[in-house]
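Visitor: let me see the structure of the following:
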Amino acid sequence: MKLILKEDIEKLGGAGDLVEVKPGYGRNYLIPQGKAALATPGAIREYENLKREAALRAELSVEAAKELAQQLEATSVTIPVTVGEEDKIHGTVTNVQVAEALEEREIIIDRRKITLDQDIKTLGEYTATVDVLGELKPKVKVWVVKED
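Guide: Residues are numbered from 1 along each chain as shown. The predicted structure is shown next:
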């Protein structure tokens, strides 16, 4: 039985894949759960059109991601923090604070895509890596300064 998957299924395929499964598995599990649709000739044509459109969108998003990566490489953010003795920070600087500092510069990045290269517990200059798309991982300079 040929089916078009609507979502990723482990050991079977990803969303949009055309797969061959045993009739019982398709009829009793995949189709009723909404995880797949029957691969009729019309559905296959529609699937191929969607695949072409997705490829075009992906190509455009790669160009946008490259521009964003260049913008991030040229950006540095300053995060003011309160400090105690010997210029030690109360707590640590987190990826949430870096995301907020980038947002102030009108660069919106999901905090989960920002990785700090090391724990930030003192004042100074650090780097944060942003996972933009695939292999694009620009580095952003993070300046941690004393709050006035």
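Visitor: what's the following helix or strand after the lowest-mean-pLDDT helix or strand in the chain?
Guide: One helix or strand of the chain scores below all others by mean pLDDT, DSSP states H and E: helix 41-73, with a mean of 83. Downstream of helix 41-73, the next assigned helix or strand under DSSP states H and E is strand 76-81.
Visitor: that older thread, could you give the separation of the least confident helix or strand of the chain from the chain centroid?
Guide: How far helix 41-73 lies from its chain's middle: 15 Å, per CA atoms, centre = their mean, to the nearest Å.
Visitor: for it, which helices and strands make contact with it?
Guide: Here helix 41-73 touches strand 2-5, strand 139-146, going by 3 or more CB pairs under 8 Å, 6 or more residues apart in numbering; DSSP states H and E. For glycine as for every other residue, the C-beta is placed from the backbone atoms N, C-alpha and C.
Visitor: quick one, that helix and strand 139-146 angle?
Guide: Per axes from the mean of the first three to the mean of the last three CA atoms, to 10 degrees, the angle that helix 41-73 makes with strand 139-146 is 50 degrees.
Visitor: okay, buried residues for helix 41-73 please.
Guide: The neighbour-count check on helix 41-73 (16 or more other CB atoms under 10 Å) flags 47, 68-69, 72 as buried.
Visitor: could I get the helices and strands packed on helix 41-73 as CSV with distance to A101?
Guide: Listed next are those as CSV, based on distance: least, CB to CB, whole Å:
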stretch, distance to A101
strand 2-5, 40
strand 139-146, 8
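Visitor: where in this protein is pLDDT low?
Guide: 60 (pLDDT under 70).
Visitor: for Y126, give the beta-bridge partners.
Guide: Listed by DSSP bridges, the beta-bridge partners for Y126 are V142.
Visitor: tell me the centre residue of the protein?
Guide: Residue closest to the average C-alpha location in the chain (CA atoms, centre = their mean): K113, at 5.8 Å.
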